[in-house]
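In: Sequence plus predicted model, see below.
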Amino acid sequence: MDQKALQFLNLFSISLLTGYLTAEYVWPFIKRRLWNRSSIQRRLRHEEELSYGALHPDEISTGFEDIGGNEEAILRLRQLTDLLLAPPTNASRLLHAPSGLLLYGPPGCGKTMIARALAKSSGVRFLSLNLATIMDKWVGETEKYIEALFSLARKIAPVIIFVDEIDALTRKRGAGEREWSSGMKAQLLTFWDGLQSDRTEGVIILGATNRPQDIDEAFLRRMPVQIKIDLPGLEQRAAILRILLEDLDTPDVIDVDLIAEMATGCSGSDIHEMARRTVLNTTLSKTIPDTESFLTELDLLQSEKINCRRYI
Ligand SMILES: Nc1ncnc2c1ncn2[C@@H]1O[C@H](COP(=O)(O)OP(=O)(O)OP(=O)(O)O)[C@@H](O)[C@H]1O
Ligand SMILES: [Mg+2]
């Protein structure tokens, strides 16, 4: 074999070896580095996105003074949050309050209001998790989003992570479930447990739902304190109405107790809607809102609701 052929063979085997080493070791290493970097960047991007929704307590306009009734539920929630946010030093581990709480009950009865007011009164941030945004993510992106949620919560603690309509996110797992959905739930559970195991202080997960029966057992177990926010009773309806009428000039011509009595079965949201319509209509007709005008709107609202249910 002449000199040139030998040189060519040498060069060829060196390039072959280099190619092999690059493909086997160098490229996977670079790929991993690039992936890690983009993964961190994605998490940070999600954190930033989520942080826009994190309200400082001073930015929250709802306070407990705006909520009619529910005194017991509010008292219990306040005691638990105080304990979670500032556990007594040297206290037994058993005294550690659970990091997850659940508010459940019919729609329009004040669950979201209470959650916001709780954050305001405790002086902690309120981080509301928007389910539509989560569901909207690409496969694989949802997990990153959840990771970002927990890492942001740790950074800005003390914070209440509020998950409205939590049943949509934590529905019972089962056969036929989409892979991304079960992956997302597993991820959520893992991060949730992380809070407990590393004793993260100042992060409370507060869920709210109309359908507690749809929530997976595993999630219910992580929200052992479950507080019912029910339809308001007579006194509570009157209290809600009084709060709503506070800034009207003519509260004396309105028989709040009678309206509250006639509003049996109405939620706080219905009472709000009745009052809103009454004030709107009387303003348009340049009349003064009185008991009669409230009762007329209440009648209309109730028959609308009956018709709407019949249609469904
Ligand atoms: N206890 C209450 N005191 C004063 N206003 C109330 C009360 N409950 C409900 N409302 C009125 O009803 C509206 C809706 O309440 P909220 O959104 O908190 O209900 P919700 O229980 O979270 O309903 P959903 O289950 O549909 O999310 C409030 O903005 C408020 O105007
Ligand atoms: Mg709500």
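Out: Alright, I've got the coordinates. Ligands and ions are numbered 1, 2, ... in the order given.
In: C-alpha only now, for contacts and for neighbours.
Out: Will do.
In: so is Cys204 in a helix, a strand, or just coil?
Out: Quick fix: residue 204 reads Ile, not Cys. Assigned by DSSP: H, G, I helix; E, B strand; the rest coil, the conformation of Ile204 is strand.
In: near ligand 1, which residues of the stretch 1-150 of the chain show up?
Out: Residues of the stretch 1-150 of the chain lying close to ligand 1 (C-alpha under 6 Å from any ligand atom) are 66-69, 106-113.
In: Helices - which of those residues land there?
Out: 111-113 (DSSP state H).
In: Make CSV from those and add neighbour count and distance to Leu206 to it.
Out: CSV is the format used below for those (neighbours: other C-alpha atoms under 10 Å; distance: C-alpha to C-alpha, whole Å):
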residue, neighbour count, distance to Leu206
Lys111, 24, 10
Thr112, 21, 10
Met113, 16, 12
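In: quick one: which of the residues of the stretch 1-150 of the chain next to ligand 1 is nearest Asp252?
Out: Gly68 (19.2 Å; C-alpha to C-alpha).
In: Model confidence for that closest one, exactly?
Out: On pLDDT, Gly68 comes in at 91.
In: ok, now Ala115?
Out: pLDDT at Ala115 comes out at 93.
In: what do you get for Leu131?
Out: pLDDT, read off for Leu131, is 75.
In: wouldn't it be in contact with Phe162 here?
Out: No. Leu131 is beyond contact range of Phe162, at 10.7 Å (criterion: C-alpha atoms under 8 Å).
In: What average pLDDT does stretch 3-19 get?
Out: On average, stretch 3-19 scores 88.
In: what does stretch 242-254 give?
Out: Per-residue scores along stretch 242-254 average to 81.
In: How far does that stretch stretch from one end to the other?
Out: Terminal residues of stretch 242-254 are spaced 10 Å apart (C-alpha to C-alpha, to the nearest Å).
In: That one: which residues count as buried?
Out: 242, 244-245, 254 (16 or more other C-alpha atoms under 10 Å).
In: do stretch 282-295 as well
Out: Here stretch 282-295 shows 288-291, 293-295 as buried, counting by 16+ other C-alpha under 10 Å.
In: and what of stretch 182-199?
Out: Buried residues in stretch 182-199, defined by neighbour count with 16+ other C-alpha under 10 Å: 182, 184-185, 187-188, 191-192, 195-196.
In: Can you add distance to ligand 1 and pLDDT and give those back as a markdown table?
Out: As requested, the buried residues of stretch 182-199 are arranged in a markdown table below (distance: C-alpha to the nearest ligand atom, whole Å; pLDDT from 0 to 100):
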| residue | distance to ligand 1 | pLDDT |
| --- | --- | --- |
| Ser182 | 25 | 73 |
| Met184 | 23 | 78 |
| Lys185 | 22 | 82 |
| Gln187 | 25 | 83 |
| Leu188 | 22 | 85 |
| Phe191 | 25 | 86 |
| Trp192 | 23 | 85 |
| Leu195 | 26 | 77 |
| Gln196 | 27 | 71 |
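In: Quick check, pLDDT for Val26.
Out: 81.
In: cool, the one 4 residues further on as well?
Out: The pLDDT attached to Ile30 in the predicted structure is 79.
In: Buried ones in the strand or helix carrying it, by neighbour count?
Out: Per DSSP states H and E, Ile30 falls inside helix 27-51. Buried residues in helix 27-51, defined by neighbour count with 16+ other C-alpha under 10 Å: 42-44, 46-47, 50-51.
In: Give me the residues contacting that helix.
Out: Identification of contacts with helix 27-51 by C-alpha atoms under 8 Å, 6 or more residues apart in numbering yields 127, 129, 144-145, 147-149, 151-152.
In: so after that helix, what's the next helix or strand?
Out: With secondary structure assigned by DSSP H and E, helix 27-51 is succeeded by strand 54-55.
In: Provide the contact partners of that next one at residue level.
Out: So strand 54-55 is in contact with 125-128, going by C-alpha under 8 Å, 6+ apart.
In: Starting from it, tell me which strands it pairs with and how they run.
Out: strand 125-128 (antiparallel) (DSSP bridges).
In: hmm, who's touching the partner strand?
Out: Outside strand 125-128, the residues that touch it by C-alpha under 8 Å, 6+ apart are 50-51, 53-57, 116, 119, 153, 156-164.
In: still on that earlier bit, now the buried members of the residues of the stretch 1-150 of the chain next to ligand 1.
Out: Using 16+ other C-alpha under 10 Å, the buried ones in these are 67-69, 107-113.
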